[in-house]
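1. what follows is a predicted protein model with its sequence.
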Amino acid sequence: MTPEGKKALDEIRKVRGYTLPLHEVLAETNPEFLKRYGALASYVIFGPQEGRALDLKTRFLVMVGITTAVKGDREGIEWAAARAIKNGATWEEVYEAAFLAGLPAGIPSFEAACKVLREMKAGKGWVPQKVPSVKKKAAKKRK
């Protein structure tokens, strides 16, 4: 891997907390494309709230719905769900975002998302990340 590819991967890890296989392939095959793609995606998803209609929690709930609807990869669903929760969403909101996407996309897409989310909640997710458990989140809501 070139120094440019490593630098682009490091920047994505800094913003997102991890990289996906597509990032690693692009780092090896086209570091400039990865750099530009990473900057755009980071801005669109994580960009500042000022001037934006949707807060981070809502952006990530939308991402849960989109990845569910397009029968996205499990990493995408996990990633969006974890970020939504980190930004204040409840598990119920995450499931609802996936369910709403299942209506136009077909219930099998919602069913697949449910499997991913249940495994994630049980600590068996593919993307390493800290996600509040249901009990901890419910206890915080009651306070």
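-> Ah, there it is. Numbers count the residues shown, from 1 in each chain.
2. residue 52 and residue 64, how far apart?
-> Per CB to CB, to the nearest Å, residue 52 is found 18 Å from residue 64. For the C-beta atoms, the positions are set from N, CA and C on the backbone; glycine is no exception.
3. between these two, which is the more surrounded one?
-> Between residue 52 and residue 64, counting by other CB atoms under 10 Å, residue 64 is the more crowded of the two (30 against 12).
4. secondary structure element for the more buried one, which one?
-> Residue 64 belongs to helix 56-69 when assigned by DSSP states H and E.
5. could you identify the helix or strand that succeeds that helix?
-> helix 74-86.
6. what helices or strands is the helix or strand just after that next one leaning on?
-> Counting by DSSP H and E, the next helix or strand C-terminal to helix 74-86 is helix 91-105. Other elements packing on helix 91-105 under the criterion 3 or more CB pairs under 8 Å, 6 or more residues apart in numbering; DSSP states H and E are helix 56-69, helix 74-86, helix 107-121.
7. coming back round to it: the helix holding residue 64 vs helix 74-86, what angle?
-> Here the directions of helix 56-69 and helix 74-86 differ by 160 degrees (axes from the mean of the first three to the mean of the last three CA atoms, to 10 degrees).
8. now for residue 54: which residues touch it?
-> Shown in contact with residue 54 (CB atoms under 8 Å, 6 or more residues apart in numbering): residue 62.
9. and it, what element?
-> Using DSSP H and E, no helix or strand contains residue 54.
10. from residue 82, how far out is it?
-> Counting by CB to CB, the gap from residue 54 to residue 82 is 18 Å.
11. so, low pLDDT: which residues of this protein?
-> 72, 125-143 (pLDDT under 70).
12. domains of it?
-> 3-46, 56-127 (automatic domain parsing).
13. okay, those domains, which one's buried deepest?
-> Each of those was scored by mean neighbour count; the highest is domain 56-127, a mean of 19, by mean count of other CB atoms under 10 Å.
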